[in-house]
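> any chance you could fold what I've pasted below:
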Amino acid sequence: MAVPHASGNFGDLLDPRVKKLFYQELKELPDYVGTLYSIESSSNPYEISSEVGELDDFTEFTGSVSYGSQNQGYDVRATHVEFSKGIQVERKLFDDDQHGIINKKPQGLATSYQRTRQKHAARLFNNAFSVDTMFYSHTEGVALCSDSHTTTSGASTASGFDNLTTASLTAVALSAARIQASGFRDDMGNRYMSMMNELWIPIDLFEQAQEIIKSSGKVDSANNNVNVHKDQFTIMPTENGWNYMTDTNNWFLMDSRLRKRFCVWYDRVPLEFAQAEELDTLIAKWRAYCRYSNKYQNWRFCLGAQVS
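Residues are numbered from 1 along each chain as shown. Take a look at the predicted model:
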């Protein structure tokens, strides 16, 4: 039997319960945005950042310090995008004690919010081989993973500016990718100080990845050779991979230190949750709203495999 209430504003009576269920569900859902990106706040409609080039080598001191100059690199503009979703509860559901139905609404809203964020975070991988402009524009004008990266300094890009491979994930391919990444060059053409220590995979590559980096002996060999990949990489964002990476064959090597430096998620307006009731329709409404963007600044944290 419904509990009598003096106020006709049943939305106010439901509000604490709805908010509690929403935030409880949100807390229990996996969230890897902060794993992949450094999260920052913003008070602007967009954020513009410029890459600063590297310095050349130290020179021998002969009585006077040699002062180097650094080139201005490419600009990245991250534009914050608004997102929202709402739920509504009719008065009669409240009066009839239909709490099972009511409870599922805020839980579903929390799931919708978190799923949307994960999809947008995973665009870094799912759009890595094309120019993605949903959240940012990059003046270099090529994909994150490309064999045609350029530089503003005029240095030769004949070698060390390719972070793309097309090989399927195997022990041999992982070795080749690690060597390729170790040859990255900075904007001056000097060797870049990157160390690939993460393997980001879709869940479909879980078995291959585990065998390659967890086996004691060399994979697919009866000679009992040492597995040089053992414990050299961490499978990310969990040991099972990530189900929001949509291509079942593509994989990525990353430098965790550089990834956190170059990949940024801006929470312009963190998640808001608000309630109102329509007087004429007797419908209580709750809406969630947020505004955010993300970007990468420099491609050298990553090597991607686009497997056909």
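> max-length helix in the protein?
helix 99-121 (DSSP state H).
> tell me the mean pLDDT over the following helix or strand past it?
With elements assigned by DSSP states H and E, the helix or strand that comes after helix 99-121 is helix 123-126. The pLDDT scores in helix 123-126 average 97.
> residues making contact with helix 123-126?
36, 132, 134-135, 144, 200, 244-247, 250, 252, 263, 294, 296, 304 (C-beta atoms under 8 Å, 6 or more residues apart in numbering). The way it works is simple: take the backbone N, C-alpha and C, and place the C-beta from them, glycine included.
> what's the answer for stretch 227-234, then?
171, 174-175, 196-199, 212-219, 253, 256.
> counting neighbours, which of these end up buried?
171, 174, 196-199, 212-213, 218-219, 253 (16 or more other C-beta atoms under 10 Å).
> tell me the one of those nearest residue 165?
residue 253 (9.2 Å; C-beta to C-beta).
> which residues touch the closest one?
Counting by C-beta under 8 Å, 6+ apart, the residues that residue 253 touches are 174, 177-178, 181, 196, 198-200, 233, 302-303.
> SS state for the residue nearest to residue 136 when sequence neighbours are not counted?
Closest residue in space to residue 136, ignoring its immediate chain neighbours: residue 295 at 4.0 Å, by C-beta to C-beta, 6 or more residues apart in numbering. Secondary structure, DSSP: H, G, I helix; E, B strand; the rest coil: residue 295 is strand.
> mind listing what residue 295 touches?
47, 49, 76, 78, 135-136, 138, 263-264, 266.
> so which of these are in helices?
Per DSSP H, those never map to helices.
> what segments of the chain are strands?
38-41, 46-52, 72-79, 81-90, 136-138, 164-165, 198-200, 234-236, 251-254, 263-278, 283-296, 302-305 (DSSP state E).
> how distant is the last one from the center of its chain?
By that I understand strand 302-305. 14 Å (C-alpha atoms, centre = their mean, to the nearest Å).
> the third one now?
Between the mean C-alpha location of strand 72-79 and the chain-wide mean there is a distance of 18 Å, by C-alpha atoms, centre = their mean.
> OK, contacts around the closest residue to residue 173 other than its chain neighbours?
Of all residues not flanking residue 173 in the chain, residue 167 sits nearest, at 3.8 Å (C-beta to C-beta, 6+ apart). Going by C-beta under 8 Å, 6+ apart, residue 167 touches 173, 176-177, 305, 307.
> ok so, going back, tabulate the strands of the chain (CSV), appending mean pLDDT and distance to residue 118.
What follows is the strands of the chain, written out as CSV (pLDDT from 0 to 100; distance: least, C-beta to C-beta, whole Å):
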stretch, mean pLDDT, distance to residue 118
strand 38-41, 98, 14
strand 46-52, 95, 22
strand 72-79, 96, 19
strand 81-90, 93, 13
strand 136-138, 97, 18
strand 164-165, 98, 25
strand 198-200, 98, 14
strand 234-236, 96, 14
strand 251-254, 98, 16
strand 263-278, 93, 12
strand 283-296, 95, 12
strand 302-305, 98, 19
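> good, we can wrap up now.
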